[in-house]
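[1] next one to model:
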Amino acid sequence: MKESEGQKQYSENDDHLIQKVQEGDNYAFDLLVKRYQRKIYFLAYRMVKNHDNADDIAQDTFINAYSAIGSFKAGYSFYTWLYRICMNLSINFLKRQKFMIPESQFEEDASPLEKEATRMDPADHLASKELEMKIDRALNSLPPKFKAVLILRIYEDLSYEEIAQTLNISTGTVMSRLFRARERMQEMLKEYKDSM
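    Predicted structure coming up:
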């Protein structure tokens, strides 16, 4: 069976699709959006903890990427470039919100920890749920620059170098911010650990 043109284009690498976009092929950009939209949405969601805001940030990420695609240089990671745009938009959003995200904005989607907790003893489930809420609160109370490095390292599993590229900072700054973010998280969660 012969591969259709759409399937063939979808399997093309980012550099080739970007070149097509730079030559005016909007369909190639649609393929890039489809390839990365879920990852970008979830990155934004981890930062802002609200579906509508994360959706807006993800859309703005792709709009900004499309607007600047002419200056994108082949050989660089398109994915890292998108991450940088998304993180900058998320950090700017959080700064505008003055780091305060009301608890009422948290969605009630079941997290992996919650799904696992349904198989636990009720007392363990309650402790697990309480810990998850405290971790979320602690993470959301971090300044955006600390929250960004922690999310990229823990949830996105990026290396220090990838985080540095994404946020356009030095590797030393990444390590420093990670250290300070973890230190603050430990301090905020100390009370919970001491009560166990």
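[2] where does the prediction get shaky in this protein?
    For the chain, the stretches flagged by pLDDT under 70 are 1-11, 98-128, 191-196.
[3] now name the helix or strand holding the spatially most central residue of it.
    For the chain, L43 is the residue whose C-alpha lies nearest the centre (CA atoms, centre = their mean; 1.7 Å). Using DSSP states H and E, L43 falls within helix 26-48.
[4] mind checking how far the next helix or strand along the chain from that helix is from the chain centre?
    Using DSSP H and E, the helix or strand that follows helix 26-48 in sequence is helix 51-68. How far helix 51-68 lies from its chain's middle: 12 Å, per CA atoms, centre = their mean, to the nearest Å.
[5] what's helix 51-68 packed up against?
    Applying 3 or more CB pairs under 8 Å, 6 or more residues apart in numbering; DSSP states H and E, we find helix 51-68 packed against helix 26-48, helix 78-96. C-betas here are computed from N, CA, C, even on glycine.
[6] which residues sit in contact with C86?
    By CB atoms under 8 Å, 6 or more residues apart in numbering, the residues touching C86 are I40, L43, A44, I57, A58, T61.
[7] check contacts around the nearest residue to it once chain neighbours are set aside.
    Of all residues not flanking C86 in the chain, T61 sits nearest, at 4.4 Å (CB to CB, 6 or more residues apart in numbering). Shown in contact with T61 (CB under 8 Å, 6+ apart): I40, A44, L82, I85, C86, L89.
[8] now the fifth one: how far from V48?
    Which is C86. To V48, C86 is 11 Å away according to CB to CB, to the nearest Å.
[9] cool, and the fourth one?
    According to CB to CB, I85 stands 15 Å off from V48.
[10] which strand or helix spans F179?
    F179 is part of helix 171-194 when elements are defined by DSSP H and E.
[11] convert that helix to CSV, retaining C-alpha atoms only.
    Extracted C-alpha coordinates of helix 171-194, given in CSV (Å, rounded to 0.1, in the frame of the first residue of the first chain):
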residue,chain,number,x,y,z
THR,A,171,23.6,26.2,33.1
GLY,A,172,25.0,27.6,36.3
THR,A,173,21.8,29.7,36.7
VAL,A,174,19.7,26.6,36.1
MET,A,175,21.6,24.7,38.8
SER,A,176,21.3,27.7,41.2
ARG,A,177,17.6,28.2,40.6
LEU,A,178,16.9,24.4,41.0
PHE,A,179,18.8,24.3,44.3
ARG,A,180,16.9,27.3,45.6
ALA,A,181,13.5,26.0,44.3
ARG,A,182,14.1,22.6,46.0
GLU,A,183,15.3,24.4,49.2
ARG,A,184,12.1,26.4,49.3
MET,A,185,9.9,23.4,48.6
GLN,A,186,11.6,21.4,51.4
GLU,A,187,11.1,24.3,53.8
MET,A,188,7.4,24.6,52.8
LEU,A,189,6.9,20.9,53.1
LYS,A,190,8.9,20.5,56.4
GLU,A,191,5.8,21.0,58.5
TYR,A,192,4.0,18.2,56.7
LYS,A,193,7.0,15.8,57.0
ASP,A,194,7.4,16.6,60.7
